[in-house]
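Peer 1: Sequence and predicted structure, then a few things I'm wondering about:
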Amino acid sequence: MCTDGQDTDTLQAIFRMQREYMDMMDGARMGKSREERISQLCTAIIHEACELQDLANWKWWKSPSRFDEEKAKEELIDILHFVIQISIELGMDARDILDAYARKNAINRERQLRGY
């Protein structure tokens with residue numbers, strides 16, 4: 001569906017780095033089944049998203065602190081690590097992600113045109 005090779009190359013590089021990282025990790029603490037690993041990764045995403053949200057001063061009852069954009073980017077990349085790992089667990093590669101994203105993006109655009 002998506003034809004831009006450079007986009008695929010960039011995403012393929014991210015997948016390659018994630019696989020290399022996981023190869024060097026001690027996987028003994030990860031779940032044994034794919035379902036367990038996906039559950040653990042979802043939990044990690046939730047916690048990283050909460051860390052990102054905390055940077056955005058969502059607590060209206062608390063004095064706001066300066067928004068740390070660099071820390072926010074770091075939290076976002078932590079989330080991406082886990083999203084890419086779930087993708088790998090589900091047997092997806094860079095092309096699969098790009099194609100699925102393009103399909104869903106087209107659906108979302110059509111929904112907006114129809115007043116969703």
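Peer 2: Yep, it's here.
Peer 1: Name the spans of the protein whose pLDDT lies under the cut-off.
Peer 2: 1-5 (pLDDT under 70).
Peer 1: And the helices in it, which stretches?
Peer 2: Using DSSP state H, the helices of the chain run over 5-24, 34-55, 69-89, 94-113.
Peer 1: same for the second one, what does it pack against?
Peer 2: The reference is to helix 34-55. helix 69-89 (3 or more Cβ pairs under 8 Å, 6 or more residues apart in numbering; DSSP states H and E). Every residue, glycine included, has its C-beta placed from N, CA and C.
Peer 1: Which strands or helices does the helix it packs on pack on?
Peer 2: By 3+ Cβ pairs under 8 Å, 6+ apart, helix 69-89 packs against helix 5-24, helix 34-55.
Peer 1: Just want the angle from it to helix 94-113.
Peer 2: Using axes from the mean of the first three to the mean of the last three Cα atoms, to 10 degrees, the inter-axis angle of helix 69-89 relative to helix 94-113 is 110 degrees.
Peer 1: Using CSV, write down the CA coordinates of helix 69-89.
Peer 2: Presented in CSV, the C-alpha positions along helix 69-89 are these (Å, rounded to 0.1, in the frame of the first residue of the first chain):
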residue,chain,number,x,y,z
GLU,A,69,10.6,18.3,26.1
GLU,A,70,13.8,16.2,26.0
LYS,A,71,12.5,13.9,28.8
ALA,A,72,9.2,13.7,27.0
LYS,A,73,11.0,12.6,23.8
GLU,A,74,12.9,10.0,25.8
GLU,A,75,9.6,8.6,27.2
LEU,A,76,8.1,8.5,23.8
ILE,A,77,11.0,6.5,22.5
ASP,A,78,10.7,4.1,25.4
ILE,A,79,7.1,3.5,24.3
LEU,A,80,8.2,3.0,20.7
HIS,A,81,10.7,0.3,21.9
PHE,A,82,7.9,-1.7,23.4
VAL,A,83,5.5,-1.1,20.5
ILE,A,84,8.1,-2.4,18.1
GLN,A,85,8.7,-5.4,20.3
ILE,A,86,5.0,-6.3,20.4
SER,A,87,5.0,-6.0,16.6
ILE,A,88,7.9,-8.5,16.4
GLU,A,89,6.0,-10.8,18.9
